[in-house]
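# Quick one, structure for this:
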Amino acid sequence: MGARPVRTAPSGAPCGRPRGPGRPGRSRTSSRRTPLVHAGDGREGHPDRAPYDRLIATCGFSSVPSAWLEQVKPAGLIVCPVGWGTVRLVVAADGRAEGRFLPVGSYFMAARDAGTTGTPAHPGRPDATSGQVPSLDLNVVAGDEAFRFILSLVAPDTAFAFERGDDGQVTAVELWGSDGAWARAEAGTVRQAGARLLWDAVEAAHELYVAHGRPGRERFGVTVTAEEQRIWLGAPSRPLPCAAATD
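Below you'll find the predicted structure:
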């Protein structure tokens with residue numbers, strides 16, 4: 001029903017929680033250990049056999065579940081897809097976890113509840129919207145994968161769609177979030193509505209991207225505590241701005 005973290009228990013045997021309802025079973029391993037497979041929601045971890053040396057998630061998240069922090073040993077590792085990247089976190093003695101993204105992309109299926117897809121449902125195109133003129137070439141939003149990684153961080157839980165003309169050029173970009181936020185840019189106009197200003201986040205993210213020399217994933221990092229998650233560029237003291245809420 002959620003993540004599928006795989007981790008090493010104190011006995012040295014691997015322990016996994018499948019993503020989705022299933023029947024626990026046994027699995028063979030070349031090391032002759034007997035792994036435990038527990039069916040459940042991996043977002044909650046598996047506290048019965050904690051603490052663990054490693055926790056590896058194999059589905060996508062917008063934030064690292066705080067329950068995992070209590071289940072991994074100090075100096076242990078959490079490897080987790082966040083946005084369109086994978087972050088490698090080291091757990092500290094004070095319970096926080098911190099680390100940088102790996103340099104390659106990550107496109108795992110999103111963690112989800114039973115009966116859902118893990119992606120935001122389209123809210124429909126609202127009647128009441130605010131309008132403005134886009135300052136960004138729509139082809140940049142559609143064509144620059146490194147930039148879209150940043151966008152997945154500053155506008156989490158957001159889906160994207162692009163439309164192209166006969167010449168292959170992008171004619172429209174549409175975004176919508178799990179909170180009902182919505183934005184569409186086309187024909188020299190942006191319309192947006194809902195709880196977050198998604199197009200403003202797109203343009204702010206691109207300004208940051210260009211200003212810092214189009215940084216790769218490995219320059220970004222994450223700090224996770226029981227209370228919050230902060231995504232940063234270069235150092236933990238430089239957090240990324242997220243999509244602003246509407247008044």
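
# all contacts plus neighbour counts: C-alpha atoms, from now on.
Noted.

# The residue nearest to residue 217 when sequence neighbours are not counted: how many residues sit nearby?
Nearest non-adjacent residue to residue 217, counting by C-alpha to C-alpha, 6 or more residues apart in numbering: residue 103, 5.1 Å away. The criterion is other C-alpha atoms under 10 Å. On that basis, residue 103 has 14 neighbouring residues.

# how would you label residue 103: helix, strand or coil?
Remark: residue 103 carries the secondary structure label strand [criterion: DSSP: H, G, I helix; E, B strand; the rest coil].

# next SSE after the longest strand belonging to the chain?
Selection of the longest strand in the chain by residue count, based on DSSP state E, yields strand 72-82. Stepping forward along the backbone from strand 72-82, the first helix or strand reached (DSSP states H and E) is strand 85-91.

# ok, now how distant is the residue lying farthest from the centre of the chain from residue 52?
The outermost residue of the chain relative to its centre, with distances by C-alpha atoms, centre = their mean, is residue 32 at 34.7 Å. With distances taken as C-alpha to C-alpha, to the nearest Å, residue 32 is found 19 Å from residue 52.

# Repeat that for residue 71.
Residue 71 sits at a distance of 6 Å from residue 52 (criterion: C-alpha to C-alpha).

# what's the answer for residue 187, then?
When distances are taken as C-alpha to C-alpha, residue 187 and residue 52 turn out to be 53 Å apart.

# circling back: can you verify the residue farthest from the centre of the chain is assigned to a strand?
No - secondary structure assignment (three-state DSSP) places residue 32 in coil, not in a strand.

# Strands of the chain, residue ranges please.
Secondary structure of the chain (DSSP E): strands located at 6-8, 14-16, 36-37, 52-56, 72-82, 85-91, 97-105, 130-132, 158-164, 170-177, 182-186, 189-193, 220-224, 229-233.

# Dump the ones you listed to a markdown table, plus distance to residue 143 and mean pLDDT.
A markdown table is the format used below for these (distance: least, C-alpha to C-alpha, whole Å; pLDDT from 0 to 100):
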| stretch | distance to residue 143 | mean pLDDT |
| --- | --- | --- |
| strand 6-8 | 34 | 43 |
| strand 14-16 | 37 | 54 |
| strand 36-37 | 40 | 82 |
| strand 52-56 | 30 | 94 |
| strand 72-82 | 21 | 96 |
| strand 85-91 | 17 | 96 |
| strand 97-105 | 15 | 95 |
| strand 130-132 | 22 | 75 |
| strand 158-164 | 10 | 90 |
| strand 170-177 | 9 | 92 |
| strand 182-186 | 15 | 91 |
| strand 189-193 | 19 | 90 |
| strand 220-224 | 20 | 96 |
| strand 229-233 | 22 | 94 |
